[in-house]
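S.K.: Using only what follows, build the 3D model:
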Amino acid sequence: MNGLELSERFFETHGRPMLEEQFSAILPKLAVGLFGSGSECFGFDDEVSRDHDFEPGFMILLPGEDEIDRRTAFQLERAYAKLPKEFMGLTRSAIAPVGGARHGVHRIADVFTEKVGAADGVLTVSQWLTVPEQSLLEATNGRLFFDGAGTVTRIREGLSHFPEDVRKKKLAGNLLLMAQAGQYNYRRCLMHGEPGAAQLAVGTFVNALMHTAFLLNDAYLPYYKWSFRAMRRLKKLSMLAETAEVLLCTDNEPATAASKSDMIEDAASDVIDELKAQNLTKAICGDLEKHAYSVNDSIRDGEIRNLHVLAGV
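M.R.: Residues are numbered from 1 along each chain as shown. Predicted coordinates for the structure are as follows:
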């Protein structure tokens, strides 16, 4: 059983009955679920990750004080804290009076302000371009078990995908970085006798490649320690996870460097094929830089299109 399943079972066994019996009047205003920064919220928890924070628990999400006052919120916190300390052989950690970081009682506005900088989840263009993708993913991952008013569901749906022009801006910037770091500078750094710079070029290429793969899947790249696992699950370009890993984990001796240059070009070709499949580029060549500017030129919003091509990375 993974963490999300454990959380939902704990809620259905103990949480829902408590809310229905003690807080039926406000239940239609509440939302309950589990999402955020824990590996269980991504479905990535395993035996290793269970050495910490693996326990039954869930989030109770409240609207503002104009709908549910502080006294009632405190009563909810007390009721949550009184739920069974053990469930399915696992022990719950103590929750502070103001709620725990991942479990317990939280205001909806506080959760989304902390994750994306907007209490209602409505982002400006600047925020869409600058909020880290992992934060957007943490606001939309996991699962809701109950949402009486539908407020949290609507916020999460609004944050679940980049607006198309923002996606293109981020895509253009990452394509340009792939071109500069991988197709151009990697080999030149080695020719200059700069192995450290060459390795930085590889790292920059891989990072941009991974962002590009997720953008072409209309998905968010998670926190780096889960990025490869998530990339292997993508519907498109998942095979590039292996390419990225080899590029990062091998040396830059002459024979290996030649092979890595070929891998970079092959990865670029795969990305270009997907760009064409999605009608995102009009360029006809193997140079990712030209495709980057072609994608940027297709942005409809003039304000976004005219920002620096790297504004989204």
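
S.K.: Now residue 303. Nearest residue, chain neighbours left out?
M.R.: residue 125 (7.0 Å; C-beta to C-beta, 6 or more residues apart in numbering). (C-beta placed from N, C-alpha, C; glycine too.)

S.K.: Provide the backbone phi and psi angles at that neighbour.
M.R.: phi -60, psi -40 (degrees, to the nearest 10).

S.K.: residue contacts, it?
M.R.: Going by C-beta atoms under 8 Å, 6 or more residues apart in numbering, residue 125 touches 166, 301, 303-304.

S.K.: which residues in the chain form strands?
M.R.: Here the chain has its strands, by DSSP state E, at 31-34, 59-62, 86-87, 90-91, 104-107, 143-147.

S.K.: Can you check which of those strands gets nearest to residue 174?
M.R.: Nearest to residue 174 among the strands of the chain is strand 143-147; the distance by C-beta to C-beta comes to 29.5 Å.

S.K.: Any buried residues in that closest one, and which?
M.R.: 144-147 (16 or more other C-beta atoms under 10 Å).

S.K.: about what we covered before: tell me which of the contacts of residue 125 is nearest to residue 264?
M.R.: residue 166 (26.7 Å).

S.K.: burial count for the nearest residue to that closest one once chain neighbours are set aside?
M.R.: In space, and not counting its chain neighbours, residue 166 is closest to residue 128: 4.5 Å by C-beta to C-beta, 6+ apart. Counted with other C-beta atoms under 10 Å, residues neighbouring residue 128 total 20.

S.K.: List the contacts of the lowest-mean-pLDDT helix or strand in the chain.
M.R.: Using mean pLDDT, DSSP states H and E, strand 90-91 stands out as the lowest-scoring helix or strand of the chain, at a mean of 86. Applying C-beta under 8 Å, 6+ apart, the contact partners of strand 90-91 are 6, 54-56, 85.

S.K.: per-residue pLDDT, the nearest residue to residue 34 once chain neighbours are set aside?
M.R.: Excluding the flanking residues, the one nearest residue 34 by C-beta to C-beta, 6+ apart is residue 7, at 4.4 Å. pLDDT, residue 7: 94.

S.K.: hang on, the earlier thing: for the strands of the chain, which has the smallest mean pLDDT value?
M.R.: Across the strands of the chain, the lowest-scoring stretch is strand 90-91, with a mean of 86.

S.K.: now that strand, how far from the chain's geometric center?
M.R.: With C-alpha atoms, centre = their mean, to the nearest Å as the basis, strand 90-91 stands 28 Å off its chain's centre.

S.K.: gap between the two ends of stretch 137-148?
M.R.: 23 Å (C-alpha to C-alpha, to the nearest Å).

S.K.: so how far is that stretch off the chain centroid?
M.R.: Centre-to-centre, stretch 137-148 and its host chain are 13 Å apart (C-alpha atoms, centre = their mean).

S.K.: Please enumerate residues in contact with that stretch?
M.R.: Against stretch 137-148 from outside (C-beta under 8 Å, 6+ apart): 4, 7-8, 11-12, 16, 27-37, 40-42, 58, 111-112, 115-116, 121, 152-153, 155-156, 159-160, 220-222.

S.K.: How many neighbouring residues does the closest residue to residue 234 other than its chain neighbours have?
M.R.: What sits nearest to residue 234 in space, not counting adjacent residues and going by C-beta to C-beta, 6+ apart, is residue 217, at 4.9 Å. Per other C-beta under 10 Å, the neighbour tally for residue 217 reads 18.
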